[in-house]
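> Output the structure for:
(one chain, ligands or ions: 1)
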Amino acid sequence: MHQRKRLGVLTSGGDSPGMNAAVRSVVRSAIAQGIDVFAIYEGYQGMVEGGQCDLKNPRRVAPDAEACIRQLHWYDVAGILHKGGTIIGTARSAQFRTREGRLQAVRNLLAHDIDGLVAIGGDGSLTGAHLFRSEWPELVAELLEGGEIDAEVAERHRHLTIVGLAASIDNDMYGSDMTIGTDTALHRLTEAVDSISSTAASHQRTFVVEVMGRHCGYLALMGALATGADWVLIPECPPEGDCWEEKMCQVLQAGRESGRRDTIVIVAEGAKDRHGNPISCEYVRQVLEEQLGEDARVTILGHVQRGGSPTAFDRNLSTLLGHAAVNAFQTATPESESVLIGMRGNRVYQAPLMHCVEQTHAVSQAIADGDYDKAMNLRGENFKNAYQILHTLMQAKPSNPEPREGKPLRFAILNCGATAPGMNTAVRAAVRLAIDKGHTMLGVEHGFRGLIEGHIKELNWLSVRGWATTGGSELGTSRKIPQGKDFYAIARQIERHDINGLLIIGGWSGYQAAYQLYSQCETFPAFNIPILCIPASINNNLPGCELSIGADTALNNIIEAVDKIKQSAVASNRCFLVKVMGRYCGYLAVMSGLATGAERVYINEEGVALTDLQKDLSTLISGFKQGKRVGLIICNENAHPVYDSDFICDLFAEEGKEVFQVREAILGHLQQGGDPTPFDRIQATRFSAIGLDFLIEQAKRPSPTGAFMGTEAGNVRFVDLGMIPRMVDKEHQRPKEQWWMETAAIGKILAHYAPPIEG
Ligand code: ADP
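As a prediction, this is how the structure comes out:
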């Protein structure tokens, strides 16, 4: 008889936000593929403790509400996407570290006839998982020899499939660009440091902030970059020399003298000096007090960084990885190695688990050995570059008044299109990095309108102080696309201000404007300068770029609002229809739908048909009749010209009135507002740094090019502006190819497939 496959899922080690989303995704993806799923509560400890155990009749385990291994059904994982921690519990298990403990774990898994495990945890948990799989055949043989299991059970369970998902707020796992929980921890850290900065500025105080990361400086480094901190200490790169304290004090003192009101020093908990001695926050505080006479305060962020609702990124990362883990389990053969499912360059990526664990340990070892170059190299290029950029941005004043090579250049910088959170961060980085290289940066107010009218002024190091963390656009922006005699006016301004390059940070209209200048360069020789567009739009509708600056903030704004709306809906059997921005691009709708567990997402790319509406309506009616308490539909603002959100609301309200109520929520401009998320700040800084180098390099050429910047599979690339017409769907103002459309299908599986409640 064909038996359904059985998969166990556990969360282990330190908890991290997003673990619930991963569990939900594993459970639902598995059920949708006809696999039974068992939660192993309390991590490996639960696997050792098990529960009812009848090894001779594996599929006949009597239901026991207290058992640590229990089957999960579709609705057991409902309503958990937004919750921090893990609903199936996690633990550290000393017993599992022993062979006897692991033998007991084998008994318990065999008692439930489990064929594979998805282990969600940090490098310790994944090391344990790998060891368990390696030992599995001999442990099963031992049970057979001891007569505890019969030959048939032993034969059926010759191997255990293991799929690992890296969950750790430290982002310390090799094999995945981001681990589950890191983005949320960075949010908590950034919120806290932003708050500390405002009180520090009021009292002109210095704060020394300790953040998590015993062997990994990711949170400290990226947190410092995102918050515009003044000094950072991380384990991978101890401060140079024996007099680092003096150097730190000089830089902080110079910052004060330049008018900075607050000073923030971020210290990773594992920070060390070059001799391997720990650097504690208290020590840094004492140094500042003694050498600068500063009234410094210490704040240890601690477990706040682990807690709270996961961010949109963490929910979606976990969901995609969980889904891929089930696919990996399905396709695994007895010969295949255990794998880690991670994210590389914005795509799901699979790598041998043991290799990833070994490489992860190699970084800790390099730090322990004092081989810091190796540690930094193992962390990768982005980490190293971020460290360099941070050190320039932290300075109180530019280090190079003259360019290292060539003549000083004059660049103009402007924001275009609707505001996108992160625009200011990008401008700040570009201005400071350009000045540091000996060039001049001219700020243009209100986009192309300002360029035409000549609202141009030189920006200096301090003009952009405080811009790293604020939303909106300090320069001002506009949707103006030049036409007719505007081109002559722009050419005049370029000549008048002796502009050698144009840096446009903005959205659709900025790209169109840049394309116009590029196309007119034969008529107006002044346009023969490098022009670069850096993508900044909450809609994420720009060609050649997977994630534009601002989209992550908008997505988080949406999910925070939707979480609240959902909570209010539960009390009264309501279905909410939430209308989100995006123009004709469904990115925000699809990604927020995935992150909030929406039943249905309507987007312009897929259209809306009457038959869909009928089907969705009857699914909702039957769901509410079966006890569902809340419904959620997300609708892009231009999903359909006729069947718009008002129409759908009226239709569902009328047809479903016996069973549920319908309410519409139009989120509007709150999606564009607020301070940028850490991701948007980091992305903005990174784009500006790379974009500026491109402009400088192009400005030296006799025929410089115009380009827009983007990412593909995580790598930054430059595309000639002339490619715009070929890459965009002009009518719908979006790229022809949109990578995220694949994820829409996963969202549908996880929200749609709802077999009847069993048992
Ligand atoms: P994290 O997974 O967050 O790194 P730990 O390092 O504490 O957390 O590991 C969690 C659990 O994984 C441990 O309590 C232990 O049960 C199991 N584990 C870790 N390392 C091993 C190992 N080398 N062998 C067996 N089990 C291990």
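> Residue 534 is in contact with residue 426, isn't it?
Yes. Contact criterion Cβ atoms under 8 Å: residue 534 and residue 426 qualify, at 6.1 Å. Where you see a C-beta, it was placed from the backbone N, CA and C, and this is true even at glycine.
> between those two, what contacts are shared?
505, 549, 687, 688 (Cβ atoms under 8 Å, 6 or more residues apart in numbering).
> what sits against the closest residue to residue 262 other than its chain neighbours?
Nearest non-adjacent residue to residue 262, counting by Cβ to Cβ, 6 or more residues apart in numbering: residue 200, 3.6 Å away. Counting by Cβ under 8 Å, 6+ apart, residue 200 makes contact with 206, 207, 261, 262, 263, 264.
> Just give me how far the helix or strand hosting residue 200 sits from the chain centre.
Residue 200 belongs to helix 182-203 when elements are defined using DSSP states H and E. Distance, stretch centre to chain centre, for helix 182-203: 18 Å (Cα atoms, centre = their mean, to the nearest Å).
> swap in stretch 266-286?
For stretch 266-286, the distance to the chain centre is 28 Å (Cα atoms, centre = their mean).
> same thing with stretch 480-494?
39 Å.
> Tell me the pLDDT of the residue of the stretch 551-700 of the chain found nearest the ligand.
Across the stretch 551-700 of the chain, no residue is closer to the ligand than residue 678, which sits at 21.8 Å (Cβ to the nearest ligand atom). Looking at residue 678, its pLDDT is 98.
> And the one 5 residues further on, by the same measure?
The predicted structure scores residue 683 at 96 on the pLDDT scale.
> Report the secondary structure element holding it.
Per DSSP H and E: helix 678-699 holds residue 683.
> cool, and residue 118?
Assigned by DSSP H and E, residue 118 belongs to strand 116-121.
> Please see if that strand touches the ligand.
Yes. Contact between strand 116-121 and the ligand, assessed by Cβ under 6 Å from any ligand atom, occurs at residue 121.
> same check, this time on stretch 342-358
No. Stretch 342-358 is not in contact with the ligand by Cβ under 6 Å from any ligand atom; minimum separation 9.3 Å.
> Spatially nearest residue to the residue nearest to the spatial centre of the chain (excluding sequence neighbours)?
In the chain, the C-alpha nearest the mean C-alpha coordinate belongs to residue 313, at 4.1 Å (Cα atoms, centre = their mean). Nearest residue to residue 313, sequence neighbours excluded (Cβ to Cβ, 6+ apart): residue 183, at 4.2 Å.
> and if you look at residue 225?
Nearest one to residue 225, counting by Cβ to Cβ, 6+ apart, is residue 390 at 5.1 Å.
> wait, isn't the one you found in contact with residue 226?
No. Contact criterion Cβ under 8 Å: residue 390 and residue 226 do not qualify, at 10.0 Å.
> mind listing what's buried in the helix holding residue 683?
Under the neighbour-count criterion of 16 or more other Cβ atoms under 10 Å, helix 678-699 has 678-692, 694-696, 698-699 buried.
> Please enumerate the strands of the stretch 601-750 of the chain.
All strands of the stretch 601-750 of the chain, identified by DSSP state E, counting those that start in this stretch, fall at 630-636, 661-666, 706-712, 715-720, 728-729, 734-735.
> so which of the ones you listed gets nearest residue 87?
strand 630-636 (17.9 Å; Cβ to Cβ).
> So what's the predicted local confidence for the residue lying farthest from the centre of the chain?
What lies farthest from the middle of the chain is residue 147; by Cα atoms, centre = their mean that is 50.1 Å. Predicted confidence (pLDDT) for residue 147: 95.
> For this protein, what lies in contact range of the ligand?
Residues of the chain lying near the ligand (Cβ under 6 Å from any ligand atom): 12-14, 44, 92-93, 96-97, 121-125, 127-128, 131, 168.
> now the residue in the chain positioned nearest to the ligand, nearest residue through space, not along the chain?
Using Cβ to the nearest ligand atom, the closest approach of the chain to the ligand is made by residue 124 at 1.8 Å. Sequence neighbours aside, residue 13 is the residue nearest to residue 124 in space, at 5.3 Å (criterion: Cβ to Cβ, 6+ apart).
> tell me the angle of the lowest-mean-pLDDT helix or strand in the chain relative to strand 630-636?
Within the chain, no helix or strand scores below helix 741-752, which has a mean of 86 by mean pLDDT, DSSP states H and E. In terms of direction (axes from the mean of the first three to the mean of the last three Cα atoms, to 10 degrees), helix 741-752 departs from strand 630-636 by 160 degrees.
> give me the low-pLDDT residue ranges for the protein?
1-2, 52-63, 65, 752-759 (pLDDT under 70).
> per-domain residue ranges of it.
6-179+310-344, 183-306, 410-535+683-725, 551-674 (the TED database).
> so where do the helices sit in the stretch 101-250 of the chain?
For the stretch 101-250 of the chain, applying DSSP state H, counting those that start in this stretch gives helices covering 123-145, 151-156, 182-203, 218-227, 244-257.
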